[in-house]
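*Asks:* any chance you could fold what I've pasted below:
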Amino acid sequence: MNPVFRGAVIYIFLLILFRIMGKRSLNETTTFDFVLLLIISEVTQQALVGEDFSLTASALLITTLMGIDMILTITKQKFAMFGRIVEGAPLVIVDNGKPLKKRMQKTQVDEEDILHAARSNFGIEKMEEIKYAVLEKDGTISIIPVQNSSS
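*Replies:* Model (predicted):
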């Protein structure tokens, strides 16, 4: 099989797979996740290269992967909807101290994840002290604390 075609297929397959896995999957990797990523990289390398270990095939594969990435980047810049499909969009998961359970379940975020972000950034210990919590595109959780009216 042609190395350019193999590279394109693997790139698109991994893009779809990691998109389905969700935002949190790559942001907070455990030891198991890291080992799994190493195994995936080894399998991917074998699928990309096959029996052709030549410099030409390697250069062609690298060029293909970088080219696809550049095309996707340009497409995301020109078409916002495409960017939201490929990368997702920020998502409010706490609204005025109330966790939005369906969104949290869908994105595999629990209250402890939110409170951890709140403690780390603001020293907040209670959900009621959070005005909004937003799951960002990169998997981090942004916290907007409730403003005290006494200040």
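*Asks:* nearest spatial neighbour of Ala57, chain-adjacent residues omitted?
*Replies:* Pro3 (4.8 Å; Cβ to Cβ, 6 or more residues apart in numbering). C-beta coordinates here come from the backbone N, C-alpha and C atoms, glycine included.
*Asks:* outline the domain layout of this structure.
*Replies:* 3-87, 91-145 (automatic domain parsing).
*Asks:* the last one: end-to-end distance?
*Replies:* Using Cα to Cα, to the nearest Å, the end-to-end distance of domain 91-145 comes out at 16 Å.
*Asks:* name the element the closest residue to Lys76 other than its chain neighbours belongs to?
*Replies:* Using Cβ to Cβ, 6+ apart and skipping residues adjacent in sequence, the residue nearest Lys76 is Gly83, 3.7 Å away. Gly83 belongs to helix 80-87 when assigned by DSSP states H and E.
*Asks:* what helices or strands is that helix leaning on?
*Replies:* helix 55-78 (3 or more Cβ pairs under 8 Å, 6 or more residues apart in numbering; DSSP states H and E).
*Asks:* in the helix it packs on, what counts as buried?
*Replies:* Across helix 55-78, burial judged by 16 or more other Cβ atoms under 10 Å covers Ala57, Leu60, Leu61, Thr64, Leu65, Ile68, Leu72, Lys76.
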